[in-house]
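Participant: got a predicted structure here, sequence first:
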Amino acid sequence: MQDVIYLLPTVAEAHPKKRAALVGILGAALARALDDQHSRAWYCKYCVGTALSRGDLGALVAWVKGFR
């Protein structure tokens, strides 16, 4: 979980062509950390993707930290 929290800000800084792959990696890692593999796509698309599109990584980091 700590790895996901640490790497979330790098998504915003990543090259646009590499961003989708990084979102997929982080979404998968988040699903694994929460032992919730059936929701992997949701973590990728909604949590990480929505936070990026809104520029609200701080809220996503706080949400993820709540599961520790």
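Facilitator: The structure has been received and is ready for your questions. Numbering: from 1, shown residues only.

Participant: now do the buried residues in stretch 22-35.
Facilitator: 22-24, 26-31, 33 (16 or more other Cβ atoms under 10 Å). (C-beta placed from N, C-alpha, C; glycine too.)

Participant: and that stretch, how far out from the chain middle?
Facilitator: 7 Å (Cα atoms, centre = their mean, to the nearest Å).

Participant: contacts for it next, please.
Facilitator: Applying Cβ atoms under 8 Å, 6 or more residues apart in numbering, the external contacts of stretch 22-35 come out as 1, 3-4, 7-8, 10-11, 14, 37, 39-41, 43-45, 47-49, 52, 64, 67.

Participant: among the residues you listed, which are in strands?
Facilitator: Counting by DSSP state E, none of the members of these fall within strands.

Participant: still on that earlier bit, can you list the buried residues of stretch 22-35 in TSV and add pLDDT, distance to A59 and secondary structure?
Facilitator: TSV is the format used below for the buried residues of stretch 22-35 (pLDDT from 0 to 100; distance: Cβ to Cβ, whole Å; DSSP: H, G, I helix; E, B strand; the rest coil):
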residue	pLDDT	distance to A59	secondary structure
L22	85	19	helix
V23	82	16	helix
G24	86	21	helix
L26	84	15	helix
G27	84	16	helix
A28	88	21	helix
A29	87	19	helix
L30	83	15	helix
A31	86	19	helix
A33	84	18	helix
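
Participant: show me where the chain has its helices.
Facilitator: 2-13, 16-33, 40-42, 50-54, 57-65 (DSSP state H).

Participant: the ones you listed: lowest mean pLDDT?
Facilitator: Lowest mean pLDDT within the helices of the chain: helix 50-54, at a mean of 68.

Participant: from the centre of the chain, point out the most distant residue.
Facilitator: K17 (16.7 Å; Cα atoms, centre = their mean).

Participant: got the contact list for A14?
Facilitator: So A14 contacts L22 (Cβ under 8 Å, 6+ apart).

Participant: ok, the nearest residue to L7 once chain neighbours are set aside to A20 distance?
Facilitator: Of all residues not flanking L7 in the chain, L26 sits nearest, at 6.1 Å (Cβ to Cβ, 6 or more residues apart in numbering). Per Cβ to Cβ, to the nearest Å, L26 is found 11 Å from A20.
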